[in-house]
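Student: give me a model of this one.
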Amino acid sequence: MRRKLSVCLSLLLVAALLSPVSALCASAASRTPVINIEGEREIEVWKEDGTHYSPTEDAADAVVDEAVKELVPLFLKAMLTNNYDEWSRRALEKLTPIYDEIRPYPDGSLPENTHPYFPPYGYGGATEVQAPGQVNFYYTYDWDFRRSPLDEADDLHHYIELIKEKTGSDRVTLASRCGSTALAAAYIYKYGTEDIEKLIFTCPTLPGVSYADSLLSGNLFVSGSALYNYVSYGDALSSLNEKIGKFVTELLYAMAQNGSIDDANVIISRAYGKIKDSFVAPFLRSYYGICGNYITDVGEHYEDYRDYVFPTQELKTEYASILEKADEYHYNVQEKIEELLTGAKNAGVSVNFIVTYGEPAGYPIGENSAKTGDELMDVTSQSLGATTGNYGETLSDSYIAERTDAGFGKYISPDKQIDASTGLFPDTTWFIKNIRHNFMVYRLHDLIRLIAWTDGMTVETNPAYPQFLTIAGDDYQRLEPAQAVNENDVDSAPAPDMNGVSGFFARIIAFFVGIYVRIAKLFNSLSVG
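Tutor: Purely as a prediction, here's the structure:
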């Protein structure tokens, strides 16, 4: 964007109303540096020759596929004998080695030469940063989700000091997304807001993630309606990887023959109950349940998580260092998040949220899985309080009338699915429809920059970026004001060909795919035992 300074200044007032150009044309000296904290990345093992690989990607998928073939017959045998010890033992032997090279130690330390892939600059261990002109005052910061966000906050503080020294700025803006929002929250808990001008949380997981809370706490809840959403929505949007899609479709069709979609919950819950303690808990303890930032996904069932993943005093003692940090984060950050953020705002920090929606909230386990969300988080959790219903539902006419009469009509979304007024910061919370949690719209960074570099920006400041937005265009990269019906809504247009869900839970659910699909075909219910 090479414009003469005179042209930029002459168009400044007009551009401020039409696009983020004004923010991007601002002089470098007037900008506050933005530190964009990346979301979670795969952990890789780095060899002495400089090459690196991820143990949890393609190789892990192959292990899971092979394990399913061997373990399905064992599971059926276990059903008939009502003894799951052999199955659990073999399942753990087959699957836990996936994480051997990258698993945190019980004291919370990490294996050497393992960390996320990151550019030459940006990681918490960096000792220098690029000059402002090279990055346009928009820095990318990477971190390691295996550590407690409280420990990562120390490295982030060091990085902020480097940025301040390099740019000459007294403060920075922290822009975080997904799991890194826990890191931003941990930072203001430990270091306060003296160095922070603005906080921007995109699709935040601050109160926890419903399906992760469900699995990690041992409180598995399978919603029949959420499963149905996954069938209909998955077919329309190709949102699920092949294994999960096959699981949901075949299981629900099998249940339909039995008369009720909610029978799926009965089958899965009973099967899960047989292996809950002998397999699932120790499997979680082998990796996911001991990674610091993953633990922050547990919300209201945190104490259940402690007793489920660490059922004995010996285990609690062995993993005391991890649990100590987890306790501190949960009780002092997560449970007090509204207090922390309100305190930040009262101290003069601009606190902003970008919420994504238009899909079911997440995997079909967890109490919020049927709600409107973004394939990982529901709207209410992301916004810390905005009102919405289940996926595909609108707010009732009586509710909308009542809120409108009370003066809150402007906060009702054009599609009548969201009431933003009940969120923690309704005037600085934007909602973007038809965007998947793991699908980054490049123009979203324009909105982040605009929020970062516009003084006192609210949802009413710029007509091009009102409170309710939608992704648009054939490439699904444009942001524009949302309408009652939008071109990329599920019912009016096909969705883009995006990558399916991947990562830890995809592999866990994929592992059970082969088991549950075959069980559903062979049995009408789990009557044995």
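Student: hey, where'd the helices end up in the stretch 1-150 of the chain?
Tutor: 5-10, 12-18, 21-25, 58-81, 85-95, 132-135, 149-167 (DSSP state H, counting those that start in this stretch).
Student: of those helices, which is nearest residue 283?
Tutor: Taking C-beta to C-beta, helix 85-95 is the member of the helices of the stretch 1-150 of the chain nearest to residue 283, at 6.3 Å. For the C-beta atoms, the positions are set from N, CA and C on the backbone; glycine is no exception.
Student: in stretch 332-347, what's buried?
Tutor: Within stretch 332-347, the residues scored as buried using 16 or more other C-beta atoms under 10 Å are 333-334, 337, 340-341, 344-345.
Student: circling back to that earlier point, distance to residue 42 added to the helices of the stretch 1-150 of the chain, as a markdown table?
Tutor: Formatted as a markdown table, the helices of the stretch 1-150 of the chain follow (distance: least, C-beta to C-beta, whole Å):
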| stretch | distance to residue 42 |
| --- | --- |
| helix 5-10 | 41 |
| helix 12-18 | 39 |
| helix 21-25 | 32 |
| helix 58-81 | 10 |
| helix 85-95 | 17 |
| helix 132-135 | 24 |
| helix 149-167 | 17 |
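Student: closest to residue 489 out of the ones you listed?
Tutor: helix 12-18 (25.3 Å).
Student: average model confidence for that closest one?
Tutor: Averaged across helix 12-18, pLDDT comes to 32.
Student: from now on call the first residue 155
Tutor: Happy to do that; since the first residue is 155 now, the last one works out to helix 166-172.
Student: now do the contacts for the spatially most central residue of the chain.
Tutor: Per C-alpha atoms, centre = their mean, the C-alpha nearest to the average position across the chain is that of residue 332, at 4.0 Å. By C-beta atoms under 8 Å, 6 or more residues apart in numbering, the contact set of residue 332 is 193-194, 356-359, 530, 591.
Student: didn't residue 337 look like it was pressed against residue 310?
Tutor: Yes. Residue 337 lies in contact with residue 310 (C-beta atoms under 8 Å); the separation is 6.5 Å.
Student: what do these two both touch?
Tutor: 191, 297.
Student: wait, isn't residue 241 in contact with residue 429?
Tutor: Yes. Counting by C-beta under 8 Å, residue 429 is a contact partner of residue 241 at 7.1 Å.
Student: and residue 634, how many residues sit next to it?
Tutor: Neighbour count for residue 634, taken as other C-beta atoms under 10 Å: 16.
Student: then residue 423?
Tutor: 15.
Student: am I right that it sits in a helix?
Tutor: Yes. Counting by DSSP: H, G, I helix; E, B strand; the rest coil, residue 423 is part of a helix.
Student: how about residue 635, nearest residue that isn't a chain neighbour?
Tutor: Spatial nearest neighbour of residue 635, excluding adjacent residues (C-beta to C-beta, 6 or more residues apart in numbering): residue 620 at 5.2 Å.
Student: contacting residues around that neighbour?
Tutor: 613-614, 635-636.
Student: tell me the phi and psi of it?
Tutor: In this entry, residue 620 is assigned phi and psi values of phi -70, psi -180 (degrees, to the nearest 10).
Student: for it, give its distance to residue 590.
Tutor: Using C-beta to C-beta, to the nearest Å, we find residue 620 at a distance of 21 Å from residue 590.
Student: likewise residue 503?
Tutor: 29 Å.
Student: counting neighbours, go ahead and name the busier of those two.
Tutor: Neighbour totals were compared for residue 503 and residue 590, and residue 590 leads with 25 against 21 (other C-beta under 10 Å).
Student: how about stretch 630-642 as PDB, C-alpha atoms only?
Tutor: Output of stretch 630-642 as PDB, limited to C-alpha atoms (Å, rounded to 0.1, in the frame of the first residue of the first chain):
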ATOM      1  CA  TYR A 630     -14.900 -17.100   1.500                       C
ATOM      2  CA  GLN A 631     -12.400 -14.500   2.300                       C
ATOM      3  CA  ARG A 632     -14.500 -11.300   2.300                       C
ATOM      4  CA  LEU A 633     -16.100  -9.800   5.400                       C
ATOM      5  CA  GLU A 634     -19.300  -7.800   5.000                       C
ATOM      6  CA  PRO A 635     -22.300  -6.800   7.100                       C
ATOM      7  CA  ALA A 636     -24.600  -9.700   7.900                       C
ATOM      8  CA  GLN A 637     -28.200  -9.800   6.600                       C
ATOM      9  CA  ALA A 638     -31.100 -12.000   7.600                       C
ATOM     10  CA  VAL A 639     -30.100 -14.300   4.800                       C
ATOM     11  CA  ASN A 640     -26.500 -14.400   3.500                       C
ATOM     12  CA  GLU A 641     -24.900 -15.800   0.400                       C
ATOM     13  CA  ASN A 642     -22.900 -18.400   2.200                       C
END
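Student: buried sites along stretch 559-577?
Tutor: By neighbour count on 16+ other C-beta under 10 Å, the buried set for stretch 559-577 is 562, 565-577.
Student: please parse the chain into its domains.
Tutor: 184-199+284-361+505-635, 207-264+363-488+656-676 (automatic domain parsing).
Student: quick one, phi psi at residue 437?
Tutor: phi -70, psi -40.
Student: so what's the residue count around it?
Tutor: Neighbours around residue 437, by other C-beta under 10 Å: 21.
Student: for the helices of the stretch 155-304 of the chain, could you give me TSV that also reports mean neighbour count?
Tutor: Formatted as TSV, the helices of the stretch 155-304 of the chain follow (neighbours: other C-beta atoms under 10 Å):
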stretch	mean neighbour count
helix 159-164	11
helix 166-172	13
helix 175-179	18
helix 212-235	15
helix 239-249	17
helix 286-289	14
helix 303-321	19
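Student: looking at those helices, which is nearest to residue 644?
Tutor: Among the helices of the stretch 155-304 of the chain, helix 212-235 sits nearest to residue 644 (C-beta to C-beta), with 28.4 Å.
Student: neighbours of residue 322, how many?
Tutor: 10.
Student: would you mind measuring from it to residue 619?
Tutor: On the measure of C-beta to C-beta, residue 322 and residue 619 end up 29 Å apart.
Student: and residue 522, what's its pLDDT?
Tutor: pLDDT, read off for residue 522, is 85.
Student: thought residue 528 was touching it, still the case?
Tutor: No. Using C-beta under 8 Å, residue 522 is not in contact with residue 528; the gap is 12.0 Å.
Student: mutual contacts of these two, please.
Tutor: residue 515.
Student: list the contacts of stretch 490-507.
Tutor: Contacts for stretch 490-507 (C-beta under 8 Å, 6+ apart): 339, 342-343, 346-347, 350-356, 358, 360-361, 487, 536-538, 577-579, 582-584, 605, 610-611.
Student: drop anything exposed from those residues.
Tutor: The buried subset of the contacts of stretch 490-507 (16+ other C-beta under 10 Å) comprises 339, 342-343, 347, 350-356, 358, 360-361, 487, 536-538, 577-579, 582-584, 605, 611.
Student: which stretches of the stretch 355-504 of the chain have low pLDDT?
Tutor: 378-379, 381-421 (pLDDT under 70).
Student: and with 80 instead?
Tutor: Applying pLDDT under 80 to the stretch 355-504 of the chain picks out residues 375-425.
Student: hang on, the earlier thing: do you know the pLDDT at the residue nearest to the centre of the chain?
Tutor: 92.
Student: and the gap between it and residue 598?
Tutor: In terms of C-beta to C-beta, residue 332 sits 13 Å off from residue 598.
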